[in-house]
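A.B. asks: Predicted coordinates and the sequence they were generated for:
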There are 2 protein chains.
Amino acid sequence: MLEERRLAVLQAIVSDYVATHEPVGSKALVDRHQLGVSPATIRNDMAALEEEGYITAPHTSAGRIPTDLGYRMFVDQIAQVKPLSAAERRGIDRFLSDAVDLDDIMTRTVRLLAQLTKQVAVVQYPSLSRSHVRRIELIPLNEHRLMIMLIADSGRVEQRIVECSVSIDEIVLADLRARLSVAIADQPFSSVPRQVENIEASFTTDNRPLVSAVIAAILETVTAKLDERVVLGGASNLARYNEDFPMTIQPVLEALEEQVVLLRLLGEVGTETKLSVRIGHENEVEGLSSTSIVSSHYAKESIPVASLGVIGPTNMDYANSMSTVQAVAQYVSRFLSDN
Amino acid sequence: MLEERRLAVLQAIVSDYVATHEPVGSKALVDRHQLGVSPATIRNDMAALEEEGYITAPHTSAGRIPTDLGYRMFVDQIAQVKPLSAAERRGIDRFLSDAVDLDDIMTRTVRLLAQLTKQVAVVQYPSLSRSHVRRIELIPLNEHRLMIMLIADSGRVEQRIVECSVSIDEIVLADLRARLSVAIADQPFSSVPRQVENIEASFTTDNRPLVSAVIAAILETVTAKLDERVVLGGASNLARYNEDFPMTIQPVLEALEEQVVLLRLLGEVGTETKLSVRIGHENEVEGLSSTSIVSSHYAKESIPVASLGVIGPTNMDYANSMSTVQAVAQYVSRFLSDN
DNA sequence: GACTGGCACTCTTCTTGCCAGAGTGCTAAG
DNA sequence: CTTAGCACTCTGGCAAGAAGAGTGCCAGTC
C-alpha cells in the first residue's frame, strides 16, 4: 500500500507539473487527485520521494518538482502507451497519404510531429547503410562534368557532380555504368566499396582517369553521406519554453543546427527497443541537458531504417509525445513499405 | 552647415545605438564623436530630428533611438559600401571554393553569411524561371514507377517520382525522353509548358497514359517548384536578440519556417538594384515588423538568378551586413559562372 | 543667428522594507 | 499509519525613497 501510493503521488506530481509548469504542493495534490488521504500524509510521502531523489523542492517553501530521475520513473511506469484518438489517426493518415515522394514524406512527417506534439521535431532520412542500391545513373553534363545518381530502394536519391580533367567518352561511360550497375544494383550500400574495388582494373589506362574519378566519388558518397540527412521542424515551439528556461534557448538552437548532434540524439538505429525516451542529462550532448528526447525507429518492410522524434523541455507531456511519436513512426513505416 | 551636422548627428546616433543597443543621449554623443559642439546644441538638433520623425525617445528622460525612417536615412546615406578586409575576402574565397556541387555551395553560403554577420541567413536556390534546362532524364524504377530528373544549367536538380497505372515500356520511354530532350533542352524553364504541349499527340493512344503522366509531372515541377527552395542558417543568432525584443522571437521563428514567407522576403529577383535593405515595417510580412532584411541578387553569367540575404533586428549593424551580403553575393556569382 | 551653460523637471531604475501567501516539517494525538 | 495543528521559512509583490540620466528651455555670449 505504501509503495503503491508513493508511486501514485509521483505520478500525480509529474502530471500536474507537466500541465501547469509550476511546483506542486501537497494541498493542491489532494484537491486535484482522489488520493483518499490528507495533505499531511502526502507530505510524508513527498519527503520520502525527495529522499530517494525523485523530486526536489526549488526552495524551502515552494511545492515539489520532479527530478530527471522522477521523470524516468514516471515514463517507465507508463508501460502501455495510450493510443491516439481515431480523429488524430485519421488526420495523420490523410496528411501523409498525399505525399508524392520521399522528400515530401519527410517534410510532411516533420511538420506533423511538430504540430501534434507542439515540440521541435526531427526526422532522419532512411539511412543508406540500411538500404540497398536500386539503381545507378551516370549522366554527362558537358565535356568535363558528369553527374552520378544513386537511387536507394527507400526512395532516397543521392547525387553528386564529378569533374574530370579528360573529356568524357560516352561509350566508356555507358560501359562503366553497366558494370557498376551489375556490381552494385540490389546490393546493400554498405557493400558498395567492396563491390566496386575491382572495376577500375578492367578498363584501359586511357580511361582510368574518368573511371577512378567516378569511383572515388561513389565511395565518398556512400561513406561520408551514409546517415547524413535530417530534417527539422517546429523550431518556433522553442520560443514557448523560453518561459521556463530563459537561458537555455541559445545552446539548444545551436545544437539543432548541427546535423551531427541531431543524429547522435536520435541514437543508433537498430537496437530492439522501438520507442526511446532520454531525459535531461541522460543525453550527453552539452547544451541539451535540460531537454528530453522522445524518439522511435521507423521501418521499411519491418527493417528499421532510421529514426524520428521530438525534442522538448524535460517537463513536457511525455504521455502525449510518446504516443504521437510511436503512431507517426508506424504510419511512416507503413507508407514506406507500401511504396 | 546646419543640415549637414544634423545628418552627422543622425549617423552618430544610429551607429552608437547599433553598437550598444541602448538609447543614446546628447552627452554620450559629443563624448564619443568629434562633433565640435556642445551637448546643448546637439539637443536642439535632436529635437529637430525627432520632429521630422527620424528618431524617437522611449520615454521622457532616456536618450533617443532611431526610428525605421532614421535607419532608412542612414542606410541611404551610405552610398559607398565599405569593402571587406582582405582577410575576410580570402576567408570567403577559401570556404566557398571547396564546394563540390550546388547543394554544397548553397549550404556553405548560408553558413558563411550567418557566421560573418551573426544574423539569420537565407539563401535562395537559383530560380528555375531564370534558368535553362540542361538535360532531362527518365529513369525507370520498377514496373510502374519512374523518376523524372530535370537538370538546370545552374546545377540545380529537380526530381520527381511518377506512378503509372500501365506498365512502363522502356522503348516508349526512351522515345519520350528523346523527344522531350529535343523540345526543352537548352530552353528556359519558363518556356517548357509551351514546348511540351504537342508531344503527347505524337504518341499512339496505347502509350498515352504513360506520356501524359510524365508530362503532367513535368509541368507540375516547373510551375509549382519554380522558385521553391531556400536554405536557412544561423537561427541560433535569433536567441541573441531576444535580449532586446523578448516578445518577438516566436513570430519570427514561425515566419522563418514558412518557405513562402522567406521567398517573399527576399523579394522579386530582377529589379535593377542589387543590394536591397528593407527596414522594420517596410516589409509587410506580419511578425517581422521589427526586423530588417538585407538582401542581394546573385547572378550566373551576369544574369540574376536568385537572392540571398540576412535577417536581423532593426538595430543591426547595417554597414557590416550590407558589405558582407554584397561580397558574398559576388563570390557566389563568380562561382556559379565559373562552373 | 547660431551656439553654450545652467537649471528645473521628468522619468526610469535600483534598493530597501514590509506583508501576505504558500508550503513545509515536526510533534502529538487518534 | 494517519491526521490535525502550529511554528517556521521562503518567495513575490508592492510601495516609498534615492540616485542617475537626459531633456527642454531660457538667458547670455560670440
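C.D. replies: Noted; the coordinates are in hand. Numbers count the residues shown, from 1 in each chain, chains lettered A, B, ... in the order given.

A.B. asks: quick one, strands of chain A?
C.D. replies: Along chain A, counting by DSSP state E, strands occupy A:55-56, A:65-66, A:120-124, A:133-142, A:145-152, A:157-163, A:230-233, A:275-278, A:291-300, A:303-313.

A.B. asks: so how many other residues sit close to whatever residue of chain A ends up closest to DNA strand C?
C.D. replies: Closest approach of chain A to DNA strand C (Cβ to the nearest atom of the strand) occurs at residue A:25, with a separation of 3.0 Å. All C-beta spots, glycine's among them, are computed from the backbone N, C-alpha and C. A total of 20 residues lie near residue A:25 under the criterion other Cβ atoms under 10 Å in any protein chain shown.

A.B. asks: so it sits right up against residue A:61, yeah?
C.D. replies: No: if you go by Cβ atoms under 8 Å, residue A:25 and residue A:61 don't touch, sitting 9.0 Å apart.

A.B. asks: Redo the strands of chain A as a markdown table? Include mean neighbour count, mean pLDDT and distance to residue A:336.
C.D. replies: Shown next, in a markdown table, are the strands of chain A (neighbours: other Cβ atoms under 10 Å in any protein chain shown; pLDDT from 0 to 100; distance: least, Cβ to Cβ, whole Å):
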| stretch | mean neighbour count | mean pLDDT | distance to residue A:336 |
| --- | --- | --- | --- |
| strand A:55-56 | 20 | 94 | 42 |
| strand A:65-66 | 23 | 94 | 36 |
| strand A:120-124 | 27 | 94 | 12 |
| strand A:133-142 | 19 | 90 | 14 |
| strand A:145-152 | 22 | 90 | 11 |
| strand A:157-163 | 19 | 87 | 15 |
| strand A:230-233 | 20 | 91 | 15 |
| strand A:275-278 | 19 | 91 | 18 |
| strand A:291-300 | 25 | 92 | 4 |
| strand A:303-313 | 25 | 92 | 7 |
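
A.B. asks: CSV for the ones you listed, including distance to residue B:99?
C.D. replies: Output for those, formatted as CSV (distance: least, Cβ to Cβ, whole Å):
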stretch, distance to residue B:99
strand A:55-56, 50
strand A:65-66, 48
strand A:120-124, 24
strand A:133-142, 16
strand A:145-152, 14
strand A:157-163, 10
strand A:230-233, 21
strand A:275-278, 35
strand A:291-300, 32
strand A:303-313, 26
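
A.B. asks: Quick one: closest of the ones you listed to DNA strand D.
C.D. replies: strand A:65-66 (12.6 Å).

A.B. asks: tell me what that closest one is packed against?
C.D. replies: helix A:2-20, strand A:55-56 (3 or more Cβ pairs under 8 Å, 6 or more residues apart in numbering or on different chains; DSSP states H and E).

A.B. asks: for chain B, what are the nearby residues on chain A?
C.D. replies: A:100-101, A:134-135, A:137, A:139, A:141, A:147, A:149, A:151, A:155, A:157, A:159-161, A:233-236, A:238-240, A:242, A:249-250, A:253-254, A:256-257 (Cβ under 8 Å from any Cβ of the partner chain).

A.B. asks: residue ranges for the helices of the stretch 151-300 of chain A, please.
C.D. replies: Here the stretch 151-300 of chain A has its helices, by DSSP state H, counting those that start in this stretch, at A:170-184, A:192-196, A:208-224, A:237-240, A:249-257, A:259-266.

A.B. asks: Distance of residue A:283 relative to residue A:256?
C.D. replies: With the distance defined as Cβ to Cβ, to the nearest Å, residue A:283 ends up 13 Å from residue A:256.

A.B. asks: winner for burial among the helices and strands packed on strand A:65-66?
C.D. replies: strand A:55-56 (a mean of 20; mean count of other Cβ atoms under 10 Å in any protein chain shown).

A.B. asks: counting contacts, what elements does it pack onto?
C.D. replies: helix A:39-52, strand A:65-66.

A.B. asks: so what's residue A:124 closest to, chain neighbours aside?
C.D. replies: residue A:306 (4.1 Å; Cβ to Cβ, 6 or more residues apart in numbering or on different chains).

A.B. asks: Surely the one you found touches residue A:125?
C.D. replies: Yes: counting by Cβ under 8 Å, residue A:306 touches residue A:125, with 6.3 Å between them.

A.B. asks: Quick one: low-confidence residue ranges for the stretch 51-200 of chain A.
C.D. replies: Where the stretch 51-200 of chain A drops to pLDDT under 70, the residues are A:79.

A.B. asks: where does chain A come near DNA strand C, residue by residue?
C.D. replies: A:23-28, A:39-40, A:43, A:46-47, A:50, A:57, A:60-64 (Cβ under 7 Å from any atom of the strand).

A.B. asks: in chain A, what residue sits furthest out from the centroid?
C.D. replies: residue A:206 (46.5 Å; Cα atoms, centre = their mean).

A.B. asks: For chain B, see how far away it is.
C.D. replies: To chain B, residue A:206 is 25 Å away according to Cβ to the nearest Cβ, to the nearest Å.

A.B. asks: and if you look at residue A:148?
C.D. replies: From residue A:148 over to chain B (counting by Cβ to the nearest Cβ), the distance is 10 Å.

A.B. asks: For that residue, which non-adjacent residue is closest in space?
C.D. replies: Once flanking residues are discounted, residue A:148 sits nearest to residue A:160: 4.9 Å by Cβ to Cβ, 6+ apart.
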